[in-house]
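Participant: here you go, sequence then predicted model.
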Number of protein chains: 2
Amino acid sequence: MNKDQLKKLFPTLEDGLYDEIVNNGVVRHVKAGEALLRVGQTIRSTMLILDGLVKLYREDDDGKEFFIYHLDAGQACSLSMVCGAKHETSEVLAKALTDATVLAIPLEFMDQWMGKYKSWYQFVITSYRNRFEELLKTIDAIAFTGMDERLEYYLKKQVEKTGQHLKITHQEIANDLNSSREVVSRLLKKMEAKAWLVIHRSSIEWLRK
Amino acid sequence: MNKDQLKKLFPTLEDGLYDEIVNNGVVRHVKAGEALLRVGQTIRSTMLILDGLVKLYREDDDGKEFFIYHLDAGQACSLSMVCGAKHETSEVLAKALTDATVLAIPLEFMDQWMGKYKSWYQFVITSYRNRFEELLKTIDAIAFTGMDERLEYYLKKQVEKTGQHLKITHQEIANDLNSSREVVSRLLKKMEAKAWLVIHRSSIEWLRK
DNA sequence: ATACCTGTGTGATTAATATCACTGTTTTCA
DNA sequence: TGAAAACAGTGATATTAATCACACAGGTAT
């Protein structure tokens, strides 16, 4: 992890801050499918995503996982940035979708940097705000629309992050949406009929804008 | 608005900050039912709730209002605190449930205070985090549970904020939950049968813990 | 008191989604 | 290569919630 890479990924930060990050961050590699952070786990450090794609989930009591949003390289896990000094635990499950590299920065630096680097708190604040807005959009989707629109919204988000060729099964989609495979299959079929996409085995090709 | 009142409502802030707030905040009175902030409205100031109870809603395209959470006296509208310098607009509708008093602080102070007062950014951060967690709980309710549990969760939140005797109609509840009056009526009836509550005209008496 | 408005109760119907039961097809791997 | 596992399609049924169509009760205004 060097300063230049960091600068490219997080262009809004200040010079001295890059040095501090490099000096105090610990690089961690996570394999695709592995969890970076589990529900209930104590948060000891803030995580910056250096590489890869991370999916965030909300879990219910039976362990069902409901997808809430993605984190890209250049983003941070908002929740991990605002944990006060106390031992806060995670409310969400973060899973690497692809192999990923994250930089873990011990929480004690958060307070320091907040006061010291204007660019840091701006980063934290905008980061938080963006996640907040994604949550609101997620709420819109489940509160106001049916499975058909939710599926469409979901697919668009995936396409945005991973490209038009989605390597995903109907079952996985159903899990993310807390629906069932059959329902997803049928809805996909309808979308295929409308030429929005093409269904392949274990993958979907998105055609629409 | 004087320093002592402020101290009581926002006990975690610093001395110099109270003075700044008193000097720069503008008190605004809002009647019950009025909107403090509409969707799309440009945010020019951060709002601290001094008195009363505020309900936050998400709106869909047809103007349907979905309740997301309450703001009490002593809390702040998180979204209004993190608007950068740009002209950000509101993503939510904030409505006074009771007559309310809010303190509006022009946005330009946010940046200053963030750097200057540690207690301020801690206030902002914890405030944000708390709202975030409420959103997550709201998502749980709609993603994982049916109307019956959602209604129960909703009523409990109202009771927490306004006491056991809820002055609310079935229609209003249905609007908040984006459901319909008939459904709410029927579910309430079932809860009454289980002795969780008593239904009166235009009000509900909550009996359970 | 009469009419009217608001709030509530209830059956019937419809729509959306979940679940069940089973088939077939592709991929994996022993 | 053959069997098992993973993935997908589909009809039937069940469940949940929304909608429709009323009836009725309790306040309010004239």
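Facilitator: Good, I have the coordinates.
Participant: list the contacts for A:L36?
Facilitator: Shown in contact with A:L36 (CB atoms under 8 Å, 6 or more residues apart in numbering or on different chains): A:30, A:47, A:54, A:77, A:94-96, A:100, A:102. Placement of C-beta: from N, CA and C, glycine included.
Participant: on the pLDDT front, check the residue of chain A found nearest DNA strand C for me.
Facilitator: Across chain A, the shortest distance to DNA strand C (CB to the nearest atom of the strand) belongs to A:G146, at 2.8 Å. Listed pLDDT for A:G146 reads 98.
Participant: please apply the same query to A:L48.
Facilitator: Listed pLDDT for A:L48 reads 97.
Participant: from B:M191, how far out is it?
Facilitator: Separation of A:L48 from B:M191 (CB to CB, to the nearest Å): 47 Å.
Participant: those two: which is more packed in?
Facilitator: Between A:L48 and B:M191, A:L48 has the larger neighbour count (other CB atoms under 10 Å in any protein chain shown), namely 26 against 21.
Participant: touching, the more buried one and A:G25? I think so.
Facilitator: Yes: with contact defined as CB atoms under 8 Å, A:L48 counts as touching A:G25 (7.2 Å).
Participant: find residues that contact each of these two.
Facilitator: A:103, A:105.
Participant: helices and strands around the one helix or strand in chain A whose mean pLDDT sits lowest, which ones?
Facilitator: Within chain A, no helix or strand scores below helix A:78-81, which has a mean of 84 by mean pLDDT, DSSP states H and E. Counting contacts by 3 or more CB pairs under 8 Å, 6 or more residues apart in numbering or on different chains; DSSP states H and E, helix A:78-81 packs against strand A:45-51, helix A:118-144, helix B:118-144.
Participant: identify whichever of those lies nearest to B:V82.
Facilitator: Of all the helices and strands packed on helix A:78-81, helix A:118-144 sits nearest to B:V82, with 4.7 Å by CB to CB.
Participant: name the next helix or strand downstream of the closest one, please.
Facilitator: Following helix A:118-144 in sequence order, the next helix or strand is helix A:147-162 (DSSP states H and E).
Participant: can you list the low-confidence ranges for chain A?
Facilitator: By pLDDT under 70, the low-scoring segments of chain A are A:84-86.
Participant: what residues does it put near DNA strand C?
Facilitator: For chain A, the residues in contact with DNA strand C (CB under 7 Å from any atom of the strand) are A:146-148, A:178-180, A:182-183, A:201.
Participant: which of those come close to chain B?
Facilitator: Counting by CB under 8 Å from any CB of the partner chain, A:N178 from these sit close to chain B.
Participant: for the residues of chain A next to DNA strand C, give me TSV that also has distance to A:K156.
Facilitator: What follows is these, written out as TSV (distance: CB to CB, whole Å):
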residue	distance to A:K156
A:G146	16
A:M147	15
A:D148	13
A:N178	18
A:S179	17
A:S180	21
A:E182	22
A:V183	18
A:R201	22
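Participant: and stretch A:27-41, how far apart are its ends?
Facilitator: One end of stretch A:27-41 to the other measures 19 Å (CA to CA, to the nearest Å).
Participant: for it, buried residues please.
Facilitator: Buried residues in stretch A:27-41, counted by 16 or more other CB atoms under 10 Å in any protein chain shown: A:30, A:36-37, A:39.
Participant: for those residues, work out which two are farthest apart.
Facilitator: A:V30 and A:V39 (16.8 Å).
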